[in-house]
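Asker: Give me a 3D structure for the following:
(one chain, ligands or ions: 2)
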Amino acid sequence: MTRIAHCCCGSLRAEATGEPLIVAACHCTECQRRSGSPFGVSTCFSQGQVRTEGPSSVYVRSSDSGRKVEFHFCPKCGSTVFWYPEFIADLIVVAFGAFAVSSVPQPTLSVWETMRHPWVTFDHALDRFGGQYEPGEGAVTAAE
Ligand SMILES: [Zn+2]
Ligand SMILES: [Zn+2]
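Answerer: Ligands and ions are numbered 1, 2, ... in the order given. Below you'll find the predicted structure:
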């Protein structure tokens, strides 16, 4: 299945082919600020699955562990559409909400649970991590 994620004005796009490797809800404060929501949802693909299109501005920030994440957002409307965490090779993360379709699979991981608002709950089973999910830990296999 091919799905197209895009910013609010439509000029920055990411076309993803196939199913995501991981879908993760993240409760960290950076994701809250980026998304303007109580948590962010990362839709992770290998870079070969995603074709990006349109002009983007870049914001690079360090994660708690000092590793960099490179966010691409629309210079016109400001929506962040995709990003690259340098600590996982060959991964591109697409903002879940940028797809705006119901066919994207639900999160199987919930990370930075220590910052989760108590009223945010999920009624399906998922693997929970107090902090960052590390590839190789837990039940889910990360991008290869
Ligand atoms: Zn835009
Ligand atoms: Zn986060």
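Asker: list the contacts for the closest residue to W112 other than its chain neighbours?
Answerer: For W112, ignoring the flanking residues on the chain, the nearest one in space by Cβ to Cβ, 6 or more residues apart in numbering is C28 at 4.0 Å. For glycine as for every other residue, the C-beta is placed from the backbone atoms N, C-alpha and C. For C28, the residues meeting the contact criterion (Cβ atoms under 8 Å, 6 or more residues apart in numbering) are G40, D64, V111, W112, M115.
Asker: can you redo those residues as a markdown table with pLDDT and neighbour count?
Answerer: What follows is the contacts of C28, written out as a markdown table (pLDDT from 0 to 100; neighbours: other Cβ atoms under 10 Å):
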| residue | pLDDT | neighbour count |
| --- | --- | --- |
| G40 | 97 | 24 |
| D64 | 66 | 10 |
| V111 | 95 | 26 |
| W112 | 94 | 24 |
| M115 | 96 | 17 |
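Asker: For the residues you listed, which two are the farthest from each other?
Answerer: With distance counted by Cβ to Cβ, no two of those lie farther apart than G40 and D64, which are 14.8 Å apart.
Asker: And the contacts of C28, which is closest to V101?
Answerer: Among the contacts of C28, and counting by Cβ to Cβ, the member closest to V101 is G40, at 17.6 Å.
Asker: What lies in contact with stretch 81-91?
Answerer: When contacts are defined by Cβ under 8 Å, 6+ apart, stretch 81-91 is touched by residues 5-7, 12-14, 21, 44-48, 50, 52, 56, 63, 65, 67-74, 92-95, 98, 135, 142-143.
Asker: No further questions, thank you.
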